[in-house]
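> Fold the following.
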Amino acid sequence: MTKASDLFIQCLEEEGVEYIFGVPGEENLDFLDSLSRSEKIRLILTRHEQGAGFMAATYGRHTGKTGVCLATLGPGATNFVTAAAYATLGGMPMLMITGQKPIKKSKQGRFQILDVVAMMGPITKYTHQLASADNIPSRIREAFRLAEEEKPGATHLEFPEDVADEQTDSRPLTPSLARRPSAEEKAVRAAVKMIEQAKAPVLVIGAGANRKMTGRMLLQFVEKTGIPFLTTQLGKGVIDETHPKFLGCAALSAGDFVHKAIEASDLIINIGHDVIEKPPFFMKNGGTKVIHISTRSAEVDPVYFPQVEVIGDIANAIWQMKEDIVPQHWGCEKMLAARKAELAHTASLDGDMRYPISPCHLVKKVREAMPADGIIALDNGVYKIWFARNYPARKQNTVLLDNALATMGAGLPSAMASAMVYPDRKVMAICGDGGFMMNSQEMETAVRLGLNITVLILNDGSYGMIRWKQANMGFKDFGLTYGNPDFVKYAEAYGAHGHRVESAEHLPELLRQCLDTPGVHLIDCPVDYSDNDRILNNEIKELSAKL
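So this is what the prediction gives:
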């Protein structure tokens, strides 16, 4: 016979779990004791459950394997809610384990008890209360299977105290070999025929293409056909964005140079489209035709109803199409002209040496400082638009931005998980002062784990994204400014290294120094967002409209 909590850990080991991120509570103590004897799984103790959830989700995003996190009942479980939504909307496999009071007899009335399983229902792919030790292996296998199956997301298991203490003769289940189905050849043929007949096709690479190894096949397809490509924010880096056929990233909702490129097309090949993202184009009856290539059929929307769907493993579908297609003399000059105009506009801005630092200049200097495989983990704020537009991603999942839940507070924990998965790569968290302060306590965790990360804080003393929208809507400036701690002293209080950018000339040397010196570094970088409205809402729209 085996104790249930020991069996639970054995099942996690069978699934290949390396880390459990979390904040244990009284109701997790059997589980914690069993975990203490594991030689394969390491507990990563965090300072808030939300940080643990963001780290687990990002581990899942990088590896394709389920990230695991742990919390107690009640307040511990409610602190997982944002991270659960982050993983489910963002397509990141994650399992949350929460404790619960004994379910067979009450020992403290209803103290701390709420219906966590019902609460998790709308924001997970699977949620279940373990009522018997015998069922632990099958429930864990099911939670992992569903977390990793397309579209990946969060799952949840509640592990009550009395169940954790039971004895059982159940044994772990070995994960089955599961291969994704290949795209059907008639669908591939229909898509290829449609592309060959088009005058100016374009590829749009979305979130779904950024999870599996589709980059290699897509690059071969672009090289063979010469069809240009653009990405959504969650599709960044699938193909190296310094490629001559790259048209840009759809960071603004409309009116950007990239939207001009899309307008010049008569066929959009949409790869890994996810309705969670704002679409970079709206379909109209009788308008531009669309081919949908994804692991799942298209969710039809008033502005999205593709004519041909190729469903199955994306990389395999692209390979089949590449093998079958005969390249034509497509006319993509207008699209490439729009990209050229965008690059010229960016070049006119990114040499701005003002202080506080201009966002366009900042993006250029961060790109120059980061190696091709370096990872930037963006929190949420107006800088996300600047980085999505102007920072060419060289590799898959090197620009971690969340354009699904778009939550603040995830930048630092995402960078920490990245540094754990890839200890030999340069990792930088890029956070607004608002987003950073939502999970800044994880600086202690980063220092304790001995991680090598740079945390770049873009300091404008306000919730800048909303302030930008407020100005754009013609409202008066109200209710969005605050004070900040001395970030240099704040970093030093955690045992990290604190730095402050003193001038535009100082920025690149400081970035290089922090990236080349081991440990946790925080850079307080004052930014000047005063031109955001003029550039992003007016100038870009006016220039692109003239094309």
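
> ends of stretch 284-302, how far apart?
Start to finish, the residues bounding stretch 284-302 are 9 Å apart (C-alpha to C-alpha, to the nearest Å).

> from the chain's centre, how far out does that stretch sit?
Taking C-alpha atoms, centre = their mean, to the nearest Å, one finds stretch 284-302 lying 24 Å from the centre of the chain it belongs to.

> That stretch: which residues count as buried?
Thr288, Lys289, Val290, Ile291, His292, Ile293, Ser294, Thr295, Ala298 (16 or more other C-beta atoms under 10 Å). From N, CA and C alone the C-beta is placed, and that goes for glycine too.

> which ones are touching the fourth one?
When contacts are counted by C-beta atoms under 8 Å, 6 or more residues apart in numbering, Ile291 touches Ala191, Met194, Ile195, Leu267, Ile268, Ile269, Asn270, Pro306, Gln307, Val308, Glu309, Val310.

> ok, now with 6 Å
Ala191, Ile269, Val308 (C-beta atoms under 6 Å, 6 or more residues apart in numbering).

> that's a strand at it, yeah?
Yes - assessed with DSSP: H, G, I helix; E, B strand; the rest coil, Ile291 lies in a strand.

> The residue nearest to Leu114 when sequence neighbours are not counted: neighbouring residues, count only.
Nearest non-adjacent residue to Leu114, counting by C-beta to C-beta, 6 or more residues apart in numbering: Gly74, 6.1 Å away. When counting by other C-beta atoms under 10 Å, one arrives at 19 neighbours for Gly74.

> Just the pLDDT at Ala83, thanks.
Predicted confidence (pLDDT) for Ala83: 98.

> Kindly report the same for Ala178.
For Ala178, the model assigns a pLDDT of 87.

> if I've got this straight, it is in a strand?
No - applying three-state DSSP, one finds Ala178 to be coil, outside a strand.

> remind me, longest helix of this protein?
As assigned by DSSP state H, the longest helix anywhere in the chain is helix 333-349.

> Please report the distance of the residue nearest to Leu114 from Thr88.
From Gly74 across to Thr88, the span is 21 Å (C-beta to C-beta, to the nearest Å).

> next one: Val23
For Val23 relative to Thr88 (C-beta to C-beta), the value is 21 Å.

> who has more neighbours, the two?
Thr88 (25 against 21).

> Figure out the helix or strand that the more buried one lives in.
helix 81-90 (DSSP states H and E).

> helix or strand right after that helix?
Next element after helix 81-90 (DSSP H and E): strand 94-100.

> Compute the inter-axis angle for that following strand and helix 81-90.
For strand 94-100 against helix 81-90, the angle between stretch directions is 150 degrees (axes from the mean of the first three to the mean of the last three C-alpha atoms, to 10 degrees).

> Strand partners (parallel or antiparallel) of strand 94-100?
Here strand 94-100 is paired, per DSSP bridges, with strand 67-71 (parallel), strand 154-160 (parallel).

> quick one: average confidence on that strand?
The average pLDDT within strand 94-100 is 97.

> can I get the CA coordinates of that strand in CSV?
Written as CSV, here are the backbone C-alpha positions of strand 94-100 (Å, rounded to 0.1, in the frame of the first residue of the first chain):
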residue,chain,number,x,y,z
MET,A,94,-0.4,24.3,-16.7
LEU,A,95,-1.7,22.2,-13.8
MET,A,96,-2.8,23.9,-10.5
ILE,A,97,-2.9,21.8,-7.4
THR,A,98,-4.8,23.2,-4.4
GLY,A,99,-5.4,21.9,-0.9
GLN,A,100,-8.8,21.5,0.8
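
> Give me every residue in contact with whichever helix or strand comes after it, excluding its own residues.
Of the helices and strands lying after strand 94-100 in sequence (DSSP H and E), the nearest is helix 116-120. Residues outside helix 116-120 that contact it (C-beta under 6 Å, 6+ apart) are Ala77, Thr98, Thr127, Gln129, His156, Glu158.

> Then stretch 231-249?
205-207, 209-210, 215, 218-219, 222, 228, 230, 250, 258, 261, 277, 335, 339, 342, 388-389, 392-396, 398-399, 401, 403.

> and stretch 200-210, how far from the chain's centre?
Its chain's C-alpha centre and that of stretch 200-210 lie 17 Å apart, by C-alpha atoms, centre = their mean.

> Kindly format the C-alpha coordinates of it as PDB.
The C-alpha coordinates for stretch 200-210 follow below in PDB (Å, rounded to 0.1, in the frame of the first residue of the first chain):
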ATOM      1  CA  ALA A 200      -0.900  38.800 -54.300                       C
ATOM      2  CA  PRO A 201      -1.100  36.300 -51.400                       C
ATOM      3  CA  VAL A 202       0.200  37.000 -47.900                       C
ATOM      4  CA  LEU A 203       0.900  34.800 -44.800                       C
ATOM      5  CA  VAL A 204      -0.400  35.900 -41.400                       C
ATOM      6  CA  ILE A 205       1.400  33.900 -38.600                       C
ATOM      7  CA  GLY A 206      -0.700  33.700 -35.400                       C
ATOM      8  CA  ALA A 207      -0.500  32.300 -31.800                       C
ATOM      9  CA  GLY A 208      -1.100  28.700 -32.800                       C
ATOM     10  CA  ALA A 209       1.900  28.600 -35.000                       C
ATOM     11  CA  ASN A 210       4.200  29.700 -32.100                       C
END
